[in-house]
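**Student:** I need the structure of the sequence given here:
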Amino acid sequence: MVIGVSLVAGFLGYATLQITDNIEPIKVVESPTPVPETGPLNFLLMGTDTRTGQGGDFGSEEDYGGMGRSDTTMFVHLTQDRKSAVVVSIPRDSMVEIPVCTREDGQVINSRLDRFNSAFALAGPACTIKTFESLTGIKINHAVVVDFLGFSNVVDALGGIEVCLNFPINEPSAKGAGISLPAGVQTLRGSEALGLMRARYTLADGSDLARIKRQQELLAITIDQIQRKNIITDFTTLYRVATAATSSLRMDEGLANIDSLITLAQSVSGLRSKDITFLTVPFVLSPEGNTVVWTEEANTLWSDIIQSSIPTISSVPDAEATVEPEAEPAPEEPATAPLSASEVLVTVLNGTRRAGFAAATSAYLESQGFNIDEIDNAPNKDTENTLLVYAPGNEEKAQLVAQALQIFNLTEDAELIGADVVVILGNDAPSEFVAPVATVEPEPEPSPEPTETTGPPTTGLFCPVE
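**Tutor:** I've put the predicted structure just below:
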């Protein structure tokens, strides 16, 4: 977006004023300064889910309040030479200490322990930046806020994004993504790309954590396609992208001017997805399973960035798969064999009105090696969230089932008898756990390039576009 804006401003002098007028500056960074030509830079990108202008496709404005929420937050660090970058996704449900913040209307919000995304909802982007800086010790130089419509319009201005999907996606819910996409190669319109970014109920466990990797991978695909399209030589497309971008972007005062944008564009114009390291803040699931807590590895990550040492994928755990770390056994103790699915006895209860859902889920778990104790209906047929209940001492077995289903809402029940783990299926669960496994083609032997530590983590959703 920034490169497109800058190039239009540089090539079309008369359009500069129009593009500049589109950019809304916001007072969120202390002592804002113009972008320098060299040196490291730290950005905080905040995607807001405000529904203004959406026509109700993704929910109503009243559902989220006037300010909206920032469920997607990415920290971007540009290196000293601007030839590489680190992008760190912040899970919205991270339980963190939010400092005292002041809203635009002057109302003071007291400090509190809350979810990371509540900082934006409570006091706007300035509070999100203050929270991030207090947690990491990293000074944010510039900030950008983009809304739903902005991302969709930029994709349309580019003429769409070509993707290849390993399996079809069907999420028609008005509250969900509202998309129906076949498997195979296709060009996504803006609304479809946005839906794929936000899809929840039919991909993985429907959580924010499951969406993070998909968002990173789709952004990497978009970056590479912009490079291949060479929009610098296509002035019509270039102007459309610049107009679409600036109409939906809000930037800090140091960035929201043509001179800063041109300087930034010139310094990063050679970046490709392979030059960008995509990471997620290392975390563990909280005991209740619906929030996450940053681990000590997160402090190492921020320290590496502060010291201008680019962290690698191998040095940061896979965030989605991370569970409570186990203590290393003493050298003299023999290593224990890993727990097998065949050692886990599971009961599956259907808490929805989907006929045969418990039986289908049980068949999937059996295909993964688990033993099924019982298949039945739950007392509540309108269960909202899928829950995994385990008896005392069976947490490891519950985690194994959670990994198989990619659903991490776990709770211990001292009165549970019979099965080791009881799965109570809710309306948030995918319609078929087995479908993705049946349709994904075997991955080819890796070539040297995918073994690099840069680039986004893969989700298994996207296949190569020939």
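**Student:** all contacts plus neighbour counts: C-alpha atoms, from now on.
**Tutor:** Fine.
**Student:** what are the C-alpha coordinates of stretch 121-133, in CSV please?
**Tutor:** Written as CSV, here are the backbone C-alpha positions of stretch 121-133 (Å, rounded to 0.1, in the frame of the first residue of the first chain):
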residue,chain,number,x,y,z
ALA,A,121,-11.7,-1.2,22.2
LEU,A,122,-11.2,0.7,25.5
ALA,A,123,-9.1,3.6,24.3
GLY,A,124,-8.1,3.3,20.7
PRO,A,125,-4.8,2.7,18.8
ALA,A,126,-2.8,4.9,21.1
CYS,A,127,-3.6,2.6,24.0
THR,A,128,-2.6,-0.4,21.9
ILE,A,129,0.7,1.1,21.2
LYS,A,130,1.3,2.1,24.8
THR,A,131,0.4,-1.5,25.9
PHE,A,132,2.8,-3.0,23.3
GLU,A,133,5.7,-0.7,24.3
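**Student:** and it, how far out from the chain middle?
**Tutor:** Centroid separation between stretch 121-133 and its chain, computed with C-alpha atoms, centre = their mean, to the nearest Å, is 18 Å.
**Student:** what's the answer for stretch 397-408, then?
**Tutor:** Per C-alpha atoms, centre = their mean, the centroid offset for stretch 397-408 relative to its chain is 20 Å.
**Student:** output it as CSV, nothing but the C-alphas.
**Tutor:** Only the C-alpha atoms of stretch 397-408 are listed here, as CSV (Å, rounded to 0.1, in the frame of the first residue of the first chain):
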residue,chain,number,x,y,z
LYS,A,397,-4.5,-37.4,27.0
ALA,A,398,-6.8,-34.4,26.6
GLN,A,399,-4.1,-32.4,24.9
LEU,A,400,-3.6,-35.3,22.4
VAL,A,401,-7.3,-35.2,21.5
ALA,A,402,-7.1,-31.4,21.3
GLN,A,403,-4.3,-31.6,18.8
ALA,A,404,-6.2,-34.1,16.7
LEU,A,405,-9.3,-31.9,16.6
GLN,A,406,-7.4,-28.5,16.7
ILE,A,407,-9.8,-27.4,19.5
PHE,A,408,-8.1,-26.3,22.7
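**Student:** now what about it, what contacts it?
**Tutor:** 204-205, 289-290, 321, 339, 341, 344, 365, 368, 386-390, 409-410, 420-421, 433 (C-alpha atoms under 8 Å, 6 or more residues apart in numbering).
**Student:** mean confidence score for it?
**Tutor:** Averaged across stretch 397-408, the pLDDT comes to 86.
**Student:** quick check: residue 167 is in a strand.
**Tutor:** No - Residue 167 sits outside any strand when classified using DSSP: H, G, I helix; E, B strand; the rest coil, being coil.
**Student:** could you find the closest non-adjacent residue to it?
**Tutor:** Closest residue to residue 167 apart from its sequence neighbours, by C-alpha to C-alpha, 6 or more residues apart in numbering: residue 183 at 4.5 Å.
**Student:** which of the contacts of stretch 397-408 are buried?
**Tutor:** Among those, those classed as buried by neighbour count (16 or more other C-alpha atoms under 10 Å) are 204-205, 341, 344, 365, 386-390, 409-410, 420-421, 433.
**Student:** which residue ranges of the stretch 351-466 of the chain form helices?
**Tutor:** 357-367, 395-405, 435-439 (DSSP state H, counting those that start in this stretch).
**Student:** so who does the residue nearest to residue 167 touch?
**Tutor:** 164-169.
**Student:** go again using 6 Å as the cut-off
**Tutor:** 165-168 (C-alpha atoms under 6 Å, 6 or more residues apart in numbering).
**Student:** next one: residue 292
**Tutor:** Neighbouring residues of residue 292 by C-alpha under 6 Å, 6+ apart: 94, 284-286.
**Student:** and the residues you listed, which is closest to residue 155?
**Tutor:** residue 94 (29.5 Å; C-alpha to C-alpha).
**Student:** quickly list what the residue nearest to the closest one when sequence neighbours are not counted is bridged to.
**Tutor:** Closest residue in space to residue 94, ignoring its immediate chain neighbours: residue 292 at 4.8 Å, by C-alpha to C-alpha, 6+ apart. Going by DSSP bridges, residue 292 is paired in beta bridges with residue 94, residue 285.
**Student:** equivalent analysis for residue 350, please.
**Tutor:** Going by DSSP bridges, residue 350 forms beta bridges with residue 377, residue 425.
**Student:** spit out the contact partners of it.
**Tutor:** Contacts of residue 350 by C-alpha under 6 Å, 6+ apart are 358, 377-378, 425.
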